[in-house]
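In: Mind folding the following:
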Amino acid sequence: MKRTIAETIVSFLLGAAWAIVLLGAVFLFWSFLPFGFFIAVMAGIVGSLFGLLCVVLLEVAALQFDKYRELKHQTRLLEQIKTSLGRSDDPSLRHH
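Out: Residues are numbered from 1 along each chain as shown. Model (predicted):
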């Protein structure tokens, strides 16, 4: 399956967003660990939120690319069906 440049960029950015999730969570966890384990876990969760938001937005973009590709395929199939029905000699298949 051939992918467009935009799909490749979205895929790359999705990987970068997961890296941001991991780095944000780890960095804030270790930064807040001297204040207590519970506080550090909460800070790690807060640190990962921006990256998780980016992941969700990029996944939606990837789904839209898949939806567009599937709609193009369905349109092509429907056009083939239409032309084959138009060439058919059976009068019961034609609409008046």
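In: helices and strands around the host helix or strand of residue 14, which ones?
Out: Secondary-structure element containing residue 14, defined by DSSP states H and E: helix 5-32. Here helix 5-32 is seen to pack against helix 37-87 when contacts are counted using 3 or more C-beta pairs under 8 Å, 6 or more residues apart in numbering; DSSP states H and E. All C-beta spots, glycine's among them, are computed from the backbone N, C-alpha and C.
In: Tell me how many other residues surround residue 19.
Out: By the other C-beta atoms under 10 Å criterion, the neighbourhood of residue 19 contains 11 residues.
In: Just the pLDDT for the residue lying closest to it once chain neighbours are set aside.
Out: Distance criterion C-beta to C-beta, 6 or more residues apart in numbering; nearest residue to residue 19, sequence neighbours excluded, is residue 51 at 7.8 Å. Looking at residue 51, its pLDDT stands at 94.
In: Likewise for residue 46?
Out: Here the pLDDT value assigned to residue 46 is 94.
In: roughly how far apart are it and residue 3?
Out: Distance of residue 46 to residue 3, computed by C-beta to C-beta, to the nearest Å: 34 Å.
In: quick one, what contacts residue 28?
Out: Counting by C-beta atoms under 8 Å, 6 or more residues apart in numbering, residue 28 makes contact with 40, 43-44, 46-47.
In: If we only consider the residues you listed, which is nearest to residue 62?
Out: Among these, residue 47 lies closest to residue 62 (C-beta to C-beta), at 24.2 Å.
In: is it true that the closest one touches residue 22?
Out: No: here residue 47 does not reach residue 22: they are 9.7 Å apart, not a contact under C-beta atoms under 8 Å.
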